[in-house]
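> Pasted the sequence and its predicted model underneath.
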Amino acid sequence: MVSYSGGPESRVNGSGPGESWEDEVGARMRDFCDHGLPGDFARLAALAGDASFRELEALGHRAGGDFRPDELLMRLEFLPYIEDAEFAALGLDEEEIAATREFAFEWAEEIKLRRAEDGDLTPHDDDFDIPDPDI
């Protein structure tokens, strides 16, 4: 995946070297859902490792704040509109930027599929483009 090169000085909200992976991911989820900044998502993507999207969401929920899957989906769907230069300013190269964007796209698609399967969305819902699960 992506390795974030922002260094310890870029950590926000009190995260530090003694923080567990779960706490760090939860803090990054909270930051991304609260602010939606490219740095918030780049740090989250770099930390994600092999964790499933559901695991990441559970850690975000556990971290508190106002975590809502619909808010997360909105933030994820906005990432394609952020200029590459904003990610490059964080130290990401072209390959890492592409991987970060792909990670966001795949996560958004999974959320939409889950919502459709759970009955939260229907194929006639005008607000969401529900992906075809057979593709």
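Now that the structure is in, tell me what you want to look at.
> Which residue is the nearest non-sequential neighbour of residue 94?
Nearest residue to residue 94 in three dimensions, chain neighbours excluded: residue 84, at 7.5 Å (CB to CB, 6 or more residues apart in numbering). Every C-beta, even on glycine, is put in place using the N, C-alpha and C of the backbone.
> Looks like the one you found contacts residue 97 (just checking).
Yes - assessed by CB atoms under 8 Å, residue 84 is found in contact with residue 97 at 5.4 Å.
> These two: who's more crowded?
residue 97 (20 against 13; other CB atoms under 10 Å).
> Find the nearest non-adjacent residue to the more buried one, please.
Residue 97 sits nearest to residue 87 (CB to CB, 6+ apart), 4.5 Å away.
> what about that neighbour, how many neighbours?
Neighbours of residue 87 under the rule other CB under 10 Å: 23.
> residues contacting it?
38, 42, 96-97, 100 (CB atoms under 8 Å, 6 or more residues apart in numbering).
> go on, residue 29?
Residue 29 touches 44, 56-57, 59-60, 63, 67, 72, counting by CB under 8 Å, 6+ apart.
> Restricted to helices, list those.
44, 56-57, 59-60, 72 (DSSP state H).
> Now the two most distant members of these.
Using CB to CB, the ones in helices among the contacts of residue 29 span at most 12.0 Å, a distance reached by 59 and 72.
> Send me stretch 50-66 as PDB with only the CA atoms.
Output in PDB follows, covering the C-alpha atoms of stretch 50-66 (Å, rounded to 0.1, in the frame of the first residue of the first chain):
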ATOM      1  CA  ASP A  50      -4.300  -5.700   5.400                       C
ATOM      2  CA  ALA A  51      -7.300  -4.500   7.500                       C
ATOM      3  CA  SER A  52     -10.700  -4.900   5.900                       C
ATOM      4  CA  PHE A  53     -12.800  -1.800   5.300                       C
ATOM      5  CA  ARG A  54     -15.200  -3.000   8.000                       C
ATOM      6  CA  GLU A  55     -12.300  -3.300  10.500                       C
ATOM      7  CA  LEU A  56     -11.300   0.200   9.700                       C
ATOM      8  CA  GLU A  57     -14.800   1.500  10.100                       C
ATOM      9  CA  ALA A  58     -15.200  -0.400  13.400                       C
ATOM     10  CA  LEU A  59     -12.000   1.300  14.700                       C
ATOM     11  CA  GLY A  60     -13.400   4.700  13.500                       C
ATOM     12  CA  HIS A  61     -16.600   4.100  15.400                       C
ATOM     13  CA  ARG A  62     -14.700   3.000  18.500                       C
ATOM     14  CA  ALA A  63     -12.600   6.200  18.400                       C
ATOM     15  CA  GLY A  64     -15.700   8.200  19.000                       C
ATOM     16  CA  GLY A  65     -16.600  11.400  17.300                       C
ATOM     17  CA  ASP A  66     -19.500  11.600  14.900                       C
END
